[in-house]
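Undergrad: Sequence and predicted structure below; questions after.
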Amino acid sequence: MDVNEKQTSRREVLRLVGRVGVLGCLASLAGMLTGRLRGGCIEAGPACKGCPDQDGCDLVTPPTVWQLDPAKCTNCGQCATDCVLAQSAVRCFHTHALCGHCKLCFGYFEPGARVLSSAAENQLCPTGAIQRRFVEDPYYAYTIEKDLCIGCSKCVHGCSMFGNGSLYLQVDHELCKNCNECSIARRCPANAFERVPVSEAYLLKGQGEEEGN
Amino acid sequence: MIRFPKPDFESGYVLPETQTVAARAAGWECFDVVLLALALGLGTWLVLKHRRRGGIVALMLGCLAYFGFWREGCVCPVGSIQNVAQALGDSGYGVPLVVLLFFLLPLLTALFFGRTFCAGICPLGAIQDIVIVKPVRLPAWLRHALGVIPTLYLGVALLLAYAGAGYLVCRYDPFVGLFRLSATLPMLIFGGGLLLLGTVVARPYCRFLCPYGVLLGWASACSWKRVTVTPNDCVQCRLCETACPFDAIRVPSPERESEARWSRVRRMGLYLVLLPALVLAGGWTGARLMRELAAVDPRVELVAELDAEALGVKAESGSRSEAFRAAGMSEAEARAEADAVELRLHRAGLGFGGFIGLAVGLQLAGLAIGRRRVDYEPDRQHCLACGRCFAYCPREQQRRKQGSTTEDTEDTEGTRRLLCNMMRAVGTREGRS
């Protein structure tokens, strides 16, 4: 019995040592990671003085969501199929302020379309997700039926090749499951995907320019 | 590029805003953390104090519904290990506090109260737990051999995340596709296959793959409180012997040791001498393995694509090299970046292989340690705290009848009677089969 008790107590002590060790590891890990400031700074220090971003710095990183940088996107069309969802969370977005409201829209019409009408054979979009509406001569407005868009980027390609690039792809948070590792981001040939703080959930084209004007 | 200037509308046309649907608000993420903490607390109380399987099942189903089917996956504690590893490796990536808490809370619970998270909160565990039909006992050698896989998987996953080469665990998460009701065919087959296997081999993912389970096991091995089969003292009735579908109940060591003490010591000595060789072999293999695995990194993939094009192996340029050219980055830059990635992976592979060699060696040496056990008790490391064994224990039945814990009652007569009844029941069941 004596031997038994001695063994138990020895095991208990080992366990206590282990527990304290693991606790120490976790605590130092947590300290290291929460002490990290946003924007690639490792920790707060003397260098923070005079840093222009100091006020915007959070001690902890806020929750993030996935967005794609429209400036990097090459419209390769892989977004439509690389998402883990059957219907890709990437869809076409339209910044109307950048749109030329062209009569001949390269994002809307099939190249070489004989008649500029909304007949199905003239449309580039395979699902007919873009609506064309007359505004005033010679301008037309183009709006996107989000539920029909499959993110194939055909219109985006046309608009950025020959137009203003007001049509672009973006992650729609209505669909996005915010996977820990975005399946499209991993395969994106342009590495255009990034995590953005949830407070600024959309990277839309023409956001910065409006303020300048 | 603005090719066509914005028209000046005369008809008073107002430009519509870009339609956006708001993302799930940050408040919900905090709610998830609070819910996780509450579930962990409740689970711990159910496992350690209340001791009823029914309560644990209810908690499990609730968590499966919320964390699994409602929230549809991310972020889960299993995947969060990679965010932590990436944050350690890449100073440009900050791990969100929510993710860090998802990583820490279950580990802290395991450190003090055992693997409550596995028992009732983890949706991956829950979906496997509900499909258990007729669990078979696996031979010890198979359990030990398969038990090395999670450590390996953990090592590889941490390594890749540390090097910024992607999240392996998330990519091969077998059940998240089921939660989202949207998965690729291979993953559907993998997940479905695991569930099918799970009908006879209980919780195969948890026991033989889950990398987070390794960490939880280590924490749980030195836990403060722990799950016990019996509420007070073990009467050695053997009734719980077959209760555990995960083979996590350890039986008392035999009166006479099967192996002489001296031979055990010699075996231990041999393993300890073998340890450096194992570490070296592991390091070499790890470094080789990493050289192959580096090919999945996008930066390395790009250089491989460029090489293939330069050699004329591939006729048309791939999408990656096309995007690279569009970005206007120089080839030397891309190569330097890929080389840096490869070097980092090579070094990490060396360290990781050494770690695996050490882990295997220490596990072998651990098998040679003689532990004297007098009672039936759950294995600290491998017990998933599911609570199935509680009802098998006659002392537990007695406790439930009396409606309170009987720490100091000496109702041996009652125990004996109950024991006899249960033994008879088991006897007739065995006789029939």
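TA: Structure received.

Undergrad: B:Ala281: what's its closest spatial neighbour, skipping adjacent residues?
TA: Spatial nearest neighbour of B:Ala281, chain neighbours left out: B:Gly357 (6.0 Å); criterion: Cβ to Cβ, 6 or more residues apart in numbering or on different chains. For the C-beta atoms, the positions are set from N, CA and C on the backbone; glycine is no exception.

Undergrad: which ones are touching the one you found?
TA: B:275, B:278-283 (Cβ atoms under 8 Å, 6 or more residues apart in numbering or on different chains).

Undergrad: go on, B:Leu345?
TA: B:159, B:163, B:165, B:290-291, B:293-294, B:297.

Undergrad: Can you name the helix or strand that residue 18 falls in?
TA: Defaulting to chain A. Per DSSP states H and E: A:Gly18 is located in helix A:2-34.

Undergrad: let's do chain B instead
TA: Using DSSP H and E, B:Thr18 falls within no helix or strand.

Undergrad: That one is in contact with A:Leu98, isn't it?
TA: No - using Cβ atoms under 8 Å, B:Thr18 is not in contact with A:Leu98, being 9.8 Å away.

Undergrad: For the two, indicate the residue with more neighbours.
TA: A:Leu98 (24 against 20; other Cβ atoms under 10 Å in any protein chain shown).

Undergrad: centre of the chain versus the helix or strand the residue nearest to B:Ala281 falls within, how much separation?
TA: Assigned by DSSP H and E, B:Gly357 belongs to helix B:331-367. Remark: helix B:331-367 is offset 21 Å from the chain centroid, using Cα atoms, centre = their mean, to the nearest Å.

Undergrad: What pLDDT is listed against the residue nearest to B:Ala281?
TA: Confidence at B:Gly357, expressed as pLDDT, is 88.

Undergrad: Look up how far chain A lies from it.
TA: Between B:Gly357 and chain A the computed distance is 21 Å (Cβ to the nearest Cβ, to the nearest Å).

Undergrad: Buried subset of the contacts of B:Gly357 as a PyMOL selection?
TA: Here is the PyMOL command that picks out the buried ones among those, judged by 16 or more other Cβ atoms under 10 Å in any protein chain shown:
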select buried, chain B and resi 275+278+279+281+282+283
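
Undergrad: Nearest to B:Ile2 among the contacts of B:Gly357?
TA: Among the contacts of B:Gly357, B:Gly283 lies closest to B:Ile2 (Cβ to Cβ), at 57.2 Å.

Undergrad: The residue of chain A at minimum distance from chain B - how many residues pack around it?
TA: Residue of chain A nearest chain B, by Cβ to the nearest Cβ: A:Gly100 (2.9 Å). Residue crowding around A:Gly100 was assessed by other Cβ under 10 Å; the count is 18.

Undergrad: A helix includes it, no?
TA: No - assessed with DSSP: H, G, I helix; E, B strand; the rest coil, A:Gly100 is coil; it does not lie in a helix.

Undergrad: Verify the stated contact: it with A:Phe162.
TA: No - with contact defined as Cβ under 8 Å, A:Gly100 does not count as touching A:Phe162 (10.4 Å).

Undergrad: Grab the two from the contacts of B:Gly357 that are most spread out in space.
TA: Farthest apart among the contacts of B:Gly357 - using Cβ to Cβ - are B:Leu275 and B:Gly283, which lie 12.6 Å from each other.

Undergrad: Mind listing the residues bridging to the residue nearest the centre of chain A?
TA: Nearest to the geometric centre of chain A sits A:Gln67, at 0.7 Å (Cα atoms, centre = their mean). Beta-bridge partners recorded for A:Gln67 (DSSP bridges): A:Glu194.

Undergrad: Provide a list of residues in contact with B:Leu289.
TA: Contacts of B:Leu289 (Cβ under 8 Å, 6+ apart): B:349, B:353.

Undergrad: Wait, a helix at it?
TA: Yes - counting by three-state DSSP, B:Leu289 is part of a helix.

Undergrad: Three-state assignment for B:Phe232, please.
TA: Not Phe; residue B:232 is Asn. Assignment for B:Asn232 (three-state DSSP): coil.

Undergrad: Pretty sure it sits against B:Pro394.
TA: No - checked against Cβ under 8 Å, the pair B:Asn232 and B:Pro394 is beyond contact range at 11.2 Å.

Undergrad: What pLDDT is listed against residue 95?
TA: Because you didn't say which chain, this covers chain A. pLDDT, read off for A:Thr95, is 93.

Undergrad: meant chain B actually
TA: 86.
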